[in-house]
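Colleague: sequence first, predicted coordinates after that:
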Amino acid sequence: MSVWPAWEVREDERATTWFTVRLGFGDGARIDVLAVVGGGSVSLEEVRAQPPLSLDDLAELADWIEEPLFRACAPAPEPAAGRLAAVGSRRARPLWPRGIEGRRRVAQEYRTAQQQGTDPVLAVMCATGHSRRKTLRLISQARDSGFLTPRHARRRAAS
């Protein structure tokens, strides 16, 4: 994957920058994206893919390009050990811990939402900043790790 600035427009103290993002895959597939960064937000202006992307892949595109795009926008120093987010970070969503701690926090958010009578998947989506699909994957990982009860009770065959 490569990210490079295409052009930049400055007006007073504000700047809007266009970045070209290219993803290349081993099978020869390629995705070219023109992303616009400005006003504290990121927009995808143009997406070209060969072969064409499915809707599921298009939904995942933001996750694929997010980290390299933010590194290209403003390289930040690595966060200190034990800290969850760097001061002044430009991430679009909060930094969520990985591994067992992340699964534990997903389960905690899920159970809290259930107790309050709200949608638990939506609560985890808001807490992590991930898409619904990625959130469902995180919830299933929390279930697999034993932090949440199994989705369906297994039935035993009568002997």
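Modeller: That came through, no problem. The structure presented is a predicted model; accordingly, all values stated were derived computationally and were not measured.
Colleague: now the strands for the protein?
Modeller: With DSSP state E as the criterion, the chain has strands at 2-11, 14-24, 30-38, 41-50.
Colleague: so which bits of the first one are buried?
Modeller: For strand 2-11, the neighbour count (16 or more other Cβ atoms under 10 Å) marks Val3 as buried. Yep, even glycine has a C-beta here, placed from its N, CA and C like the rest.
Colleague: what stretches of this protein score poorly on pLDDT?
Modeller: 74-94, 152-159 (pLDDT under 70).
Colleague: which residues in it form helices?
Modeller: 55-73, 99-116, 120-128, 132-144 (DSSP state H).
Colleague: buried deepest among those helices, which one?
Modeller: Among those, ranked by average contacts under mean count of other Cβ atoms under 10 Å, first place goes to helix 120-128 (a mean of 19).
Colleague: packing partners of that one?
Modeller: On a contact count with 3 or more Cβ pairs under 8 Å, 6 or more residues apart in numbering; DSSP states H and E, helix 120-128 meets helix 99-116, helix 132-144.
Colleague: please enumerate residues in contact with it?
Modeller: Under the contact criterion Cβ atoms under 8 Å, 6 or more residues apart in numbering, helix 120-128 has outside partners 93-94, 96, 105-106, 109-114, 131-132, 134-136, 138-139.
Colleague: same thing but 10 Å
Modeller: For helix 120-128, the external contacting residues (Cβ atoms under 10 Å, 6 or more residues apart in numbering) are 93-96, 102, 105-114, 116, 118-119, 130-136, 138-139, 142, 148.
Colleague: what does stretch 1-13 give?
Modeller: 15-25, 31, 33-38, 45, 64-65, 67-73.
Colleague: switch to 8 Å and redo it
Modeller: Contact partners of stretch 1-13, identified using Cβ under 8 Å, 6+ apart, comprise 15-24, 34, 64-65, 68-69, 71-72.
Colleague: what does stretch 24-35 give?
Modeller: For stretch 24-35, the surrounding residues in contact (Cβ under 8 Å, 6+ apart) are 1, 6, 18-23, 42-51, 53, 61, 65, 69.
Colleague: thanks again, I'm all set now.
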